[in-house]
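In: have a look at this fold, sequence not included:
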Ligand code: SF4
Ligand code: SF4
C-alpha cells in the first residue's frame, strides 16, 4: 500500500480508503473482521457518518488501541448548531476517540443547506470551535451537486472535498478537481463502484488509479473484497482497450437508469423527497432489505404522494424516467417492509 498526503491537511492516508456504509449489513463480529483486515492490509483512512446506522460503533469496537494508526473521518447531515454538536459528540463516543482527523458537512447540495450551515452561531461556527478545542483536526464537505461543490471549494472554508467520482460519474474531473487542487484541498472520491452498480473492481480501480491524488473510499463487506482491491493496488496500473470497452458497456447499461444524486429535480410540488427515493435500489443492495426499508421509510413514504406531473423529469439533466422509477422502488420498498414485518412477527 502506498500513502498520499491529503491536500493541505498534511494527513498521510492510504491511497485507497474504506467507505464504511456496507459494514452496516454485517454483524458486529463480521464487520470487525473486515475492518481489521483492511487495517492489516495497510488501509488507514476510514470514512463514516452519523447516519450510517451502527457503522461508527463497529469501527470504534474494531480499532480499540489502534487510534494512532488511523485517520478517522465522519460527518453530520444536521443543519443546526445543536444538531451538529450532538452528532459530533456521538461520533466521538461511538468511535471511542477524543478527536476526528476529518469532520465533514454531509451532502451539502442545496442553497438552503449552505445558508443554514453558515448562519450566525450555526453549524460552521460550532465546528470551528470544536476544531479549536481539539475535537476535530480538519474540516471537509461532501456534495453530489457539482455547482454547489465548486462553490464550497471557493469559500476556502474546507480542507477536503468529497464528491462522487468513478468511470460513470466523471464530471468532478473537469472543474471541481482542478480547482480544489489549485486551492490545496484534499480530494476524496465517493462511490468508486458507482454506488454498488459496478461489480468489476479491476475496471473500477483501473480508472481511479489514473488520478493518484484522488483517494477513493471503497465500501467493503468482506475480507475477500478488501484483499481484491488491496491486491490490485500492488500491481502496475494499465488501462487496456478491453477495460475501456468494459467501462463503455457499463455506461450503456446504466445510462438511462442511473441517478447521479445531483438534486436538480427537487423540489417536488407534492413533497416527494425524490433523490434518496431514486437511490432505494442501491440502498437496499448495500444495507440489505430489512435495514434499507427501516432506514428509508421517511422518504419512501413520500413517494405515495407522486401525481406523475413530470416536473421533475423536465429538470433532470439525464432525462431519467423519475415517476416510473419511483413507482418501481416504492413497490420494492413495500415488499421489503412487509417481509421485515413478517420476520419480526
Ligand atoms: S412526477 Fe411525481 S415526483 Fe416528480 S415532480 Fe411530479 S409529483 Fe413530484
Ligand atoms: S433524478 Fe435526475 S435530477 Fe434528480 S438527482 Fe437523480 S440525476 Fe439528478
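Out: That came through, no problem. Note that this is a predicted model, so its numbers are computed, not measured. Numbering: from 1, shown residues only. Ligands and ions are numbered 1, 2, ... in the order given.

In: residues in contact with the residue of the stretch 101-250 of the chain found nearest ligand 2?
Out: Nearest residue of the stretch 101-250 of the chain to ligand 2, counting by Cβ to the nearest ligand atom: residue 144, 7.4 Å away. For glycine as for every other residue, the C-beta is placed from the backbone atoms N, C-alpha and C. Residues near residue 144 by Cβ atoms under 8 Å, 6 or more residues apart in numbering: 107, 109, 163-164, 260-263, 275.

In: hmm, try it at 6 Å
Out: 109, 261-262 (Cβ atoms under 6 Å, 6 or more residues apart in numbering).

In: okay, those in TSV with neighbour count next?
Out: Below are these laid out as TSV (neighbours: other Cβ atoms under 10 Å):
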residue	neighbour count
109	22
261	20
262	22
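
In: also near ligand 2: which of those residues, exactly?
Out: 261-262 (Cβ under 6 Å from any ligand atom).

In: could you dump the contacts of residue 144 into CSV with secondary structure, pLDDT and distance to residue 16 added?
Out: What follows is the contacts of residue 144, written out as CSV (DSSP: H, G, I helix; E, B strand; the rest coil; pLDDT from 0 to 100; distance: Cβ to Cβ, whole Å):
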residue, secondary structure, pLDDT, distance to residue 16
109, coil, 84, 25
261, coil, 76, 22
262, coil, 72, 25
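
In: among the contacts of residue 144, which one sits closest to residue 206?
Out: Nearest to residue 206 among the contacts of residue 144: residue 261, at 23.8 Å, using Cβ to Cβ.

In: contacts only, for that closest one.
Out: Counted by Cβ under 6 Å, 6+ apart, residue 261 has contacts 144, 275.

In: hang on, the earlier thing: measure the residue of the stretch 101-250 of the chain closest to ligand 2 to residue 278 for me?
Out: 11 Å (Cβ to Cβ, to the nearest Å).

In: ok, now residue 70?
Out: 34 Å.

In: how about residue 105?
Out: Residue 105 is 22 Å from residue 278, by Cβ to Cβ.

In: surely residue 46 touches residue 18?
Out: Yes. Using Cβ atoms under 6 Å as the test, residue 46 is close enough to residue 18 to be in contact (4.9 Å).

In: mind checking which of these two has more residues around it?
Out: A count of neighbours by other Cβ atoms under 10 Å puts residue 46 above the other of residue 46 and residue 18, at 28 against 25.

In: residues contacting residue 247?
Out: 167, 203.

In: related to what we said a few turns ago, quick check: the residue of the stretch 101-250 of the chain closest to ligand 2 is in a strand.
Out: No. Using DSSP: H, G, I helix; E, B strand; the rest coil, the secondary structure at residue 144 is coil, not a strand.

In: next one: it, what pLDDT does it get?
Out: Looking at residue 144, its pLDDT is 88.

In: low-confidence ranges in this protein?
Out: 255-256, 343-345 (pLDDT under 70).

In: ligand 1 contacts on that one?
Out: 268, 270, 272, 274, 306-312, 322-323.
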